[in-house]
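Asks: My questions concern the predicted model and sequence given below.
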Amino acid sequence: MKIRLPGGFQASGIISGIKKNGKKDLGLIYSNIPAHAAGVFTANCVQAAPVLLDKERIRTGRCQAILANSGCANCCTGDQGLDDAKKTASWIASGLTIPEGLVLVASTGVIGEYLPVGKIESAVPNLIDSLSSGGVFDFAEAIMTTDTVPKVVSRRGEINGKSYTITGIAKGAGMIHPNMATLLCFLCTDIKTTSGVLHRMLSKSIRRSLNRITVDGDTSTNDTALILANGFSGVSVETRDEEELFQNRLDDVLLQLAKELVRDAEGATKAVEIIVRGSESDDKARRVADTIAGSNLVKTALFGEDANWGRIIAAAGRSGVSIDPDKTDIYFDDVLMVKNGCGCGKDAEARATYVLKKPEFRVIIHLGKGEGSASVLTCDLSIDYVKINANYRS
C-alpha cells in the first residue's frame, strides 16, 4: 500500500546544520490534536538526556509533538544536556502554540557532545512551516545516521466496519541488541484508545519484533520507541477483541521495521533468522538463539559464506542451556547439515553453501529435548562494519 501518515498527523524533516555532511538532521511529528501516548526506552543504565526527559513526560500519557535530531546523542552531557533538551522542546511548543509538556524529544549520534542549540533554535520556524501530511520520508531521512535507507512502514486495518491507519518510522543500523534494540522508533495511529492500552500493546509488539534483533551486541543509550494515537479515525479500541485486531496490525508494522533494520545493518550483506526448536522451554530456546545470533564467529562465517556449522553448535553449547549434541540437528533453510550432532557430508555442505549465498535465509537448530522454540533476526559481520565504526566520529 501507499505509505501515508494517519489522519491528523503531519511530519517534516530539514537540514539544520547539526550534521557535518549537510544532510537532513532535524525532524518533527505533529498531531493536530493531543494524542494518547506510550513509550518504551533503553535498558542501558547510561541514558541520554532526551530519554530522561521523555520518561518523565510520558507519565501523563499524552503527547502532541515529537522533535528528533540526528548527529548528536545529547548523552553524558549532565545538567546542560537536560536543559538543552527542555529548551528545544519549548521552542517547538511555542511555535505550535501547544503546552510544553506535550512535546517529546529524541536524539541520535555521537555520545558526549552537546546539542548545537543555536542551530536548532534557528531551524525551528522552517521545521514547523515544512510540516505536511506527506512529510513522513523527510522525517525518516532526518533521523538517519549510518542508515543507508529510510525505514517507513504503513498498514491499514478495520474494526467494526471502520478503517484506521498505523505508520511506523525507525532508524538504526548499529548499536542494536535485544534490550529495546531500535535506537529510535515512532508510531502514529488514528485509533482512539487509552495510554494504558497503548503501553500494553507496544510492549507486547516490541517483545515480538524489535527485541528479536541483534546487529552487534550493543545496546544504545538513546533507544526510544513512542506510539501516539489521536483518535482521528473515530475507530475505538476498547474491548479485548478490538485490542487483538489492532495488536496484529501493530505487530505487523514493528516486525517489518525490525526486518528492515537488520537488512540495513552496518556493513551487512546477509539478513539471517536463527530459529531454535525442540528446547525444554521457549525461554531456553531464546537463550540459545541469542547466543548463536550474537556470536562473532558465526557472523563472520555468514559473511564468508562458510557453512561452518561447528561454530553454531559450539555457540549453542556455551549458551548456559543444557543441550545434548547427540540429539542436535542443524539446517540451512531446508538443507540438513547436521544430524544428531554429526555432519551430513560434502554434498550437504555444498548445498548449504549455496543457501549462504542468498541475501536472506534461515538457520534452524533442533535440540530434540522438548517443545520450546524461539527465533532471532541477525546479520553477518563484515569488513565494512569495522570500517564504519572505526571512523564513526571522523
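Replies: Perfect, thanks for sending it.
Asks: C-terminal to the helix or strand that contains Ile128, which secondary structure element comes first?
Replies: Assigned by DSSP states H and E, Ile128 belongs to helix 117-129. Later in the chain than helix 117-129, the nearest helix or strand by DSSP H and E is helix 136-142.
Asks: What mean pLDDT does the helix or strand just after that next one get?
Replies: Sequence order places strand 151-159 as the next helix or strand after helix 136-142, per DSSP H and E. Regarding strand 151-159, the rounded mean pLDDT is 96.
Asks: In this protein, where is pLDDT below threshold?
Replies: Low-confidence regions of the chain, defined by pLDDT under 70, span residues 1-2, 175, 178-182, 392-394.
Asks: let's see 90
Replies: Across the chain, the ranges flagged by pLDDT under 90 are 1-4, 20-21, 43-44, 110, 145-148, 172-183, 213-220, 262, 264-268, 382-394.
Asks: Tell me how many other residues surround Asn21.
Replies: Applying the criterion other Cβ atoms under 10 Å, we find 7 residues in the vicinity of Asn21. Every C-beta, even on glycine, is put in place using the N, C-alpha and C of the backbone.
Asks: State the three-state secondary structure for it.
Replies: coil (DSSP: H, G, I helix; E, B strand; the rest coil).
Asks: next one: phi and psi at it?
Replies: Per-residue torsions, Asn21: phi -90, psi 0 (degrees, to the nearest 10).
Asks: That one and Ser279: what is the separation?
Replies: From Asn21 over to Ser279 the distance is 46 Å, taken as Cβ to Cβ, to the nearest Å.
Asks: Ok, Lys204 next?
Replies: Relative to Ser279, Lys204 is positioned 22 Å away (Cβ to Cβ).
Asks: Neighbour count for those two, which is higher?
Replies: Each of Lys204 and Ser279 has its neighbours counted (other Cβ under 10 Å); Ser279 has more, 26 against 15.
Asks: can you pull out the strands in the stretch 151-300 of the chain?
Replies: 151-159, 162-171, 184-189, 224-229, 271-279 (DSSP state E, counting those that start in this stretch).
Asks: Go through the ones you listed and name the closest to Ile14.
Replies: Comparing the strands of the stretch 151-300 of the chain against Ile14 with Cβ to Cβ, the closest turns out to be strand 162-171 (15.6 Å).
Asks: So what are the sheet partners of that closest one and their directions?
Replies: Strand 162-171 pairs in its sheet with strand 151-159 (antiparallel), strand 184-189 (antiparallel), by DSSP bridges.
Asks: got those as a markdown table, with distance to Leu255 and mean neighbour count columns?
Replies: Shown next, in a markdown table, are the strands paired with strand 162-171 (distance: least, Cβ to Cβ, whole Å; neighbours: other Cβ atoms under 10 Å):
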| stretch | distance to Leu255 | mean neighbour count |
| --- | --- | --- |
| strand 151-159 | 9 | 19 |
| strand 184-189 | 12 | 29 |
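Asks: Would you agree Val321 is in contact with Lys284?
Replies: Yes - Val321 lies in contact with Lys284 (Cβ atoms under 8 Å); the separation is 4.5 Å.
Asks: The top helix by length along the chain vs strand 162-171, what angle?
Replies: Across the chain, the longest stretch assigned as helix under DSSP state H is helix 240-263. Angle between the axes of helix 240-263 and strand 162-171 is 30 degrees (criterion: axes from the mean of the first three to the mean of the last three Cα atoms, to 10 degrees).
Asks: just checking, what packs against helix 240-263?
Replies: strand 151-159, strand 162-171, strand 184-189, helix 195-208, strand 271-279, strand 372-379 (3 or more Cβ pairs under 8 Å, 6 or more residues apart in numbering; DSSP states H and E).
Asks: Distance to Gly234 for these - can I get that in CSV?
Replies: CSV is the format used below for the helices and strands packed on helix 240-263 (distance: least, Cβ to Cβ, whole Å):
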stretch, distance to Gly234
strand 151-159, 10
strand 162-171, 6
strand 184-189, 13
helix 195-208, 17
strand 271-279, 38
strand 372-379, 36
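Asks: how about the ones you listed, which one is nearest Asp25?
Replies: strand 162-171 (11.7 Å).
Asks: Quick one: distance of the closest one to the chain centre.
Replies: Its chain's C-alpha centre and that of strand 162-171 lie 15 Å apart, by Cα atoms, centre = their mean, to the nearest Å.
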